[in-house]
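K.L.:
Provided below for reference: sequence and predicted model.
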Amino acid sequence: MNQKERTKVLICLAVLAGLFLLTSITRAAVTTTPFSENVPILMYHYIESPTATTSLPGLYLPTAVFANQLQELRRYHANPVFVSEIAASLRSEKKLPPYSMALTFDDGYQDFYTNAFPLLKKYKMKATLYIIINKLDKPGYLTKAELKELAESGLVEIGSHTFNHPDLRALKAKNAKFEIASSKIELEKRLGQLIPTFAYPFGYYAGEQLAIVKAIGYEAAVSVNPGSRHSTQDLFALKRIRPGSRGGSEFVKWLFSWYNSKY
Ligand SMILES: [Zn+2]
């Protein structure tokens, strides 16, 4: 090797060392940034047409429109995941596929079994269902047998929505703890599976209730704070958005606009 060649080799080595240093610095900068990711969590209540007497028509979505929304999710390769999977992803224990999102249903209405579940099966889509224990077997709500079938289907993850659906902020700490902790224990006993996540009734919570949910051992909780970008700090107040009665391209445009959201 002559002098010229030696210089060339030295320059090459210097460039390689420089590149290595640069990637290490970039990697360090990336890993120290708080982890956040965009996973829209859609919130549903009734899957049926609004009743003539309801004061809350906004909570109803006709079954045909819901079917259309699922069809569009399939067509655009969205990936419905359970809320516990979002929690695992935020804890860096699981990697979610692109265009992940979640379907959540509050309160455990009877129409989830009769109208939503057959469509989830048809389109092979996962959903998370938040149950009010004391409403089971009551008119308009799921029966205990239906809940068991849903929990064992592999398509529905069950979460707790308390015993009685109170505004937790109005309760003494002891009573709030009963609603949050005993509902988890009761559902776990009844279904023989872990109840990983919680939904605040009406979306109402303050720091005190959030601390109880965390201390009890839930992995995450959902709120009704609007947004789709969650950070590790949001684990016990994950954001949710309302799809309303949008169908077809309007629904797709709305959902995909959230993937660009900073919130
Ligand atoms: Zn509710």
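P.N.:
Good, I have the coordinates.

K.L.:
Show the pLDDT at residue 5.
P.N.:
You'll see residue 5 listed with a pLDDT of 73.

K.L.:
Assumed it was part of a strand.
P.N.:
No - with DSSP: H, G, I helix; E, B strand; the rest coil as the criterion, residue 5 is located in helix rather than a strand.

K.L.:
For the ion, what's the nearest residue on the stretch 51-200 of the chain?
P.N.:
Ranking the residues of the stretch 51-200 of the chain by distance to the ion (C-beta to the ion) places residue 106 first, at 4.1 Å. All C-beta spots, glycine's among them, are computed from the backbone N, C-alpha and C.

K.L.:
At the geometric centre of this protein, which residue sits there?
P.N.:
residue 83 (3.4 Å; C-alpha atoms, centre = their mean).

K.L.:
Correct me if wrong: that one contacts residue 100.
P.N.:
No - with contact defined as C-beta atoms under 8 Å, residue 83 does not reach residue 100; the gap is 11.3 Å.

K.L.:
can you pull up the bridge partners for residue 199?
P.N.:
Taking DSSP bridges as the rule, residue 199 bridges to residue 222.

K.L.:
which of the residues in the strand or helix carrying residue 174 are buried?
P.N.:
In this structure, residue 174 sits in helix 173-177 according to DSSP states H and E. Across helix 173-177, burial judged by 16 or more other C-beta atoms under 10 Å covers 176-177.

K.L.:
Could I get the CA-only coordinates of that helix as PDB?
P.N.:
Provided in PDB are the C-alpha atoms of helix 173-177 (Å, rounded to 0.1, in the frame of the first residue of the first chain):
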ATOM      1  CA  ALA A 173     -63.000   7.900  48.300                       C
ATOM      2  CA  LYS A 174     -64.200   4.600  50.000                       C
ATOM      3  CA  ASN A 175     -67.200   4.400  47.700                       C
ATOM      4  CA  ALA A 176     -65.300   5.400  44.600                       C
ATOM      5  CA  LYS A 177     -62.800   2.700  45.400                       C
END
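
K.L.:
which residues are contacting it?
P.N.:
With contact meaning C-beta atoms under 8 Å, 6 or more residues apart in numbering, helix 173-177 is reached by 166, 168, 208-209, 212, 216.

K.L.:
what's the neighbour count on the nearest residue to residue 204 once chain neighbours are set aside?
P.N.:
Counting by C-beta to C-beta, 6 or more residues apart in numbering, residue 204 lies nearest to residue 167, which is 5.1 Å off, once chain neighbours are set aside. Residues near residue 167, counting by other C-beta atoms under 10 Å, number 13.

K.L.:
thought residue 167 was touching residue 201?
P.N.:
Yes - assessed by C-beta under 8 Å, residue 167 is found in contact with residue 201 at 6.6 Å.

K.L.:
what residues does the stretch 101-250 of the chain put near the ion?
P.N.:
106-107 (C-beta under 5 Å from the ion).

K.L.:
Strands along this protein, start to end?
P.N.:
For the chain, the strands defined by DSSP state E cover 36-38, 41-44, 79-80, 100-107, 127-131, 156-160, 197-199, 220-222, 229-231.
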